[in-house]
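[1] generate coordinates for the sequence data below:
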Amino acid sequence: MKYEDEAPRHSAAGFPLPQTAWALVRDGSIEIIVKKNSRDVHPFGDEVEIADPHAGPIPLDGVCALRVTGTLAHTGDLVDDKGNVTPREGRDRPLRPGESAMHSGPGAARVAAKVAPVAEPVAPESEQHESAE
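    Numbering: from 1, shown residues only. Predicted structure coming up:
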């Protein structure tokens, strides 16, 4: 199915009003993100339920709609059972129930290995000045 962002509504002064970003989460992974003008109605159809992290754990299997407004969510990111999103970072499976998206993924160790070691600070040499007589 094809989903498209809605055109934003504008205030009387001509400024665009904020929109809600909705993610379609399938088996713990973000499949698509769509921006809508409604905070309460997602674009994915009546058969897809809204996952609310305040009401209980996010289902990590099956399909649900999740509000991701204000996050750095992207297609392919993983979702934990609290509704947090994280880049895939080389992981080939969804997060397990109770596994946090806030921990460093396997990609963090590879990046750290490529970073050059930090050099020890060197004390500045004292300068000798001749006194003016």
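
[2] show me where the chain has its helices.
    Taking DSSP state H to define them, one finds helices in the chain at 106-114.

[3] lowest confidence element among the helices and strands of it?
    Using mean pLDDT, DSSP states H and E, the weakest-scoring helix or strand in the chain turns out to be helix 106-114, at a mean of 52.

[4] list the contacts for G83?
    Listed by CB atoms under 8 Å, 6 or more residues apart in numbering, the contact set of G83 reads 51, 53, 58, 66. C-beta coordinates here come from the backbone N, C-alpha and C atoms, glycine included.

[5] wait, the second one touches D80, no?
    Just to be clear, that refers to P53. No. If you go by CB atoms under 8 Å, P53 and D80 don't touch, sitting 9.4 Å apart.

[6] which one's more surrounded, these two?
    Between P53 and D80, D80 has the larger neighbour count (other CB atoms under 10 Å), namely 23 against 15.

[7] that one and E4: what is the separation?
    Plainly put, D80 is 28 Å away from E4 if you go by CB to CB, to the nearest Å.

[8] next one: P94
    Applying CB to CB to P94 and E4 gives a distance of 27 Å.

[9] these two - which one has more neighbours?
    Neighbour comparison, P94 and E4: the larger count goes to P94, with 18 against 8 (by other CB under 10 Å).

[10] burial count for the closest residue to the more buried one other than its chain neighbours?
    Among residues not flanking P94 along the chain, G28 sits closest, at 3.0 Å (CB to CB, 6 or more residues apart in numbering). When neighbours are counted by other CB under 10 Å, G28 registers 23.

[11] V68 and W22 touch, don't they?
    Yes. Proximity of V68 to W22 meets the contact threshold set by CB under 8 Å, at 7.2 Å.

[12] comparing the two, which shows the higher neighbour count?
    Using other CB under 10 Å as the criterion, V68 and W22 rank with W22 on top: 25 against 20.

[13] ok, G56 - how many residues close by?
    Neighbours around G56, by other CB under 10 Å: 9.
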